[in-house]
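Undergrad: Requesting a structural model of the entry that follows:
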Amino acid sequence: MYGTEKVSEDAERTAFRRAEKKYKLYYEDTFKSSKKKKQLKRVDLSEVLDFKSILDSYNQNIQLSQGISALQCGFNRPVFCLENRPGFYFIPGALSVEEQCQWIRDSLKSFPQPPNRTNHNAIYGPIHDLFVAAKEKKVLVEEESSLPSLDSGANYCVKNGDSHRWKFCEGHLAILSGKTSKSVSAQVLLRKLRWSTLGLQFDWSKRNYDVSLPHNKIPDGLWQLAKRLAVPAMPVGEEFQPEAAIVNYFGLGDTLGGHLDDMEADWSKPIVSMSLGCKAIFLLGGKSREDPPSAMFLRSGDAVLMAGEARECFHGVPRIFTDEENAEIAPLELQFSHEEDCSFLEYIRTSRININIRQVF
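TA: Below is the predicted model:
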């Protein structure tokens, strides 16, 4: 679902694809310049809905734009709806800065921990303490089963029928004469982390939840938060039961292509989606890719609910803003001011994290 996937010629012609291309990250075409030095192409953002500004207008008793309405659901702020997309709810600034920092820490340190699975499992098997290893500039080393282990704490996986062991070690130990076949730095692995799954584990190859896979329950704090945020989108008299979550990690140039979240049994129950880190553009389309999507900004701390008819709508993320002018993470920088938080701050300055929680059954 990330931006590296190939798009068919027919998809290129759809309204949703045209919107993705409109907002995607592009560089000015300057010959013989490296990507780091290239200038970003300016994008026309005049049609992007800005719920931060809409909230300001609402608080000043200024009439909302046509097609946008507000609900009061017991929160300390209104919940906004798009009248042409029933079941879609936007809660600007749903999380305090302190809560945002807490979930950024957990998303990097705790959520990728086994038995939770990540995109790295298929190649490296379960990886423990990736964020700590990246902070300590360690290297993940692969050893063939016939060779002596670097130490007894290695990770095991099977490739082509043979056992392989993976172990983090100090950088200067990564090159051992004839004993290691492959190695990759933990910092590279952290930057290539694209998703982790909490609670019931999702099998991406089969596109369903595999209840037989080992898993832990959704962490209690996240469980409670999701239940509270889900209230506006829940059927009367029912409570949201968080059973699974997918954490998406975005870096510069990463996108999430238009898709549907359609693997859960009951679409009347919402997906609760929380944004952390750099600002992004979110596209919410209709039931066909031919329906022109609405574009809106997602900032750190914003929450989105998608239930009912909105669950049948294509949606995606064509752009995140990592430049200082547009990322809008100054409050996080102030909160992550302690020395022990430097690694979290370094990561989130150029990244976005999305946590989306689901009731599976």
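Undergrad: I'd like the distance between the closest residue to residue 287 other than its chain neighbours and residue 286.
TA: Closest residue to residue 287 apart from its sequence neighbours, by Cβ to Cβ, 6 or more residues apart in numbering: residue 312 at 5.0 Å. C-beta coordinates here come from the backbone N, C-alpha and C atoms, glycine included. Note on residue 312: its distance to residue 286, by Cβ to Cβ, to the nearest Å, is 8 Å.
Undergrad: Of those two, which one has the most company?
TA: Between residue 312 and residue 286, counting by other Cβ atoms under 10 Å, residue 286 is the more crowded of the two (19 against 15).
Undergrad: That one reaches residue 310, doesn't it?
TA: No - in this structure residue 286 lies outside contact range of residue 310 using Cβ atoms under 8 Å: 9.9 Å.
Undergrad: Residues in contact with both of the two, list them for me.
TA: residue 85 (Cβ atoms under 8 Å, 6 or more residues apart in numbering).
Undergrad: Closest to the centroid, which residue in this structure?
TA: residue 248 (2.4 Å; Cα atoms, centre = their mean).
Undergrad: Could you tell me which residues make contact with that residue?
TA: Residue 248 touches 194-195, 256, 353-354, 356, counting by Cβ under 8 Å, 6+ apart.
Undergrad: again, only using 10 Å
TA: Going by Cβ atoms under 10 Å, 6 or more residues apart in numbering, residue 248 touches 1-2, 107, 193-196, 254, 256, 273, 317, 352-356.
Undergrad: Then residue 214?
TA: Neighbours of residue 214 in contact, by Cβ under 10 Å, 6+ apart: 114-117, 126, 201.
Undergrad: can you tell me the helix or strand for it?
TA: For residue 214, there is no helix or strand it lies in under DSSP states H and E.
Undergrad: got the buried residues for stretch 99-107?
TA: 100-107 (16 or more other Cβ atoms under 10 Å).
Undergrad: Which of those residues fall within helices?
TA: Using DSSP state H, the members of the buried residues of stretch 99-107 that fall within helices are 100-107.
Undergrad: Let me have the residues you listed in a markdown table, adding distance to residue 337 and pLDDT as columns.
TA: Below are these laid out as a markdown table (distance: Cβ to Cβ, whole Å; pLDDT from 0 to 100):
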| residue | distance to residue 337 | pLDDT |
| --- | --- | --- |
| 100 | 14 | 98 |
| 101 | 10 | 98 |
| 102 | 15 | 98 |
| 103 | 18 | 98 |
| 104 | 14 | 98 |
| 105 | 14 | 98 |
| 106 | 19 | 98 |
| 107 | 19 | 98 |
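Undergrad: Lowest mean pLDDT among the helices and strands of this structure, which one is it?
TA: Least confident helix or strand of the chain, by mean pLDDT, DSSP states H and E, is strand 155-159 with a mean of 45.
Undergrad: coming back round to it: and the ones in helices among the buried residues of stretch 99-107, which is closest to residue 237?
TA: Using Cβ to Cβ, residue 103 is the member of these that sits closest to residue 237, with 29.1 Å.
Undergrad: Regarding the nearest residue to residue 63 once chain neighbours are set aside, which helix or strand does it belong to?
TA: Spatial nearest neighbour of residue 63, chain neighbours left out: residue 57 (7.9 Å); criterion: Cβ to Cβ, 6+ apart. Using DSSP H and E, the element containing residue 57 is helix 51-59.
Undergrad: tell me what that helix is packed against?
TA: Applying 3 or more Cβ pairs under 10 Å, 6 or more residues apart in numbering; DSSP states H and E, one finds that helix 51-59 makes contact with strand 68-71, strand 79-82, strand 88-91, strand 294-298.
Undergrad: Go through those and pick out the most buried.
TA: Mean neighbours per residue, mean count of other Cβ atoms under 10 Å, is largest over the helices and strands packed on helix 51-59 for strand 88-91, with a mean of 24.
Undergrad: strand partners of that strand, parallel vs antiparallel please.
TA: Using DSSP bridges, strand 88-91 pairs in its sheet with strand 79-82 (antiparallel), strand 303-306 (antiparallel).
Undergrad: all helices of the stretch 151-300 of the chain, in order?
TA: For the stretch 151-300 of the chain, the helices defined by DSSP state H, counting those that start in this stretch occupy 186-191, 220-230.
Undergrad: how's this protein carved up into domains?
TA: Following automatic domain parsing, one gets these domains for the chain: 9-110+194-358, 121-191.
Undergrad: Start and end of the last one, how far apart?
TA: Using Cα to Cα, to the nearest Å, one end of domain 121-191 lies 15 Å from the other.
Undergrad: right, and the helices of the stretch 151-300 of the chain - which one's nearest residue 329?
TA: Of all these, helix 186-191 comes closest under Cβ to Cβ, at 17.5 Å.
Undergrad: What mean pLDDT does the closest one get?
TA: For helix 186-191, the mean per-residue pLDDT is 97.
Undergrad: so what's residue 280 up against?
TA: So residue 280 contacts 23, 250, 254-256, 296-300, 302, 317-321, 327, 352, 354 (Cβ under 10 Å, 6+ apart).
Undergrad: out of those residues, which are buried?
TA: 23, 250, 254-256, 296-300, 302, 317-321, 327, 352, 354.
Undergrad: I'd like to know which of these are part of strands.
TA: Among the buried ones among the contacts of residue 280, the subset assigned to strands under DSSP state E consists of 250, 256, 296-298, 317-320, 352, 354.
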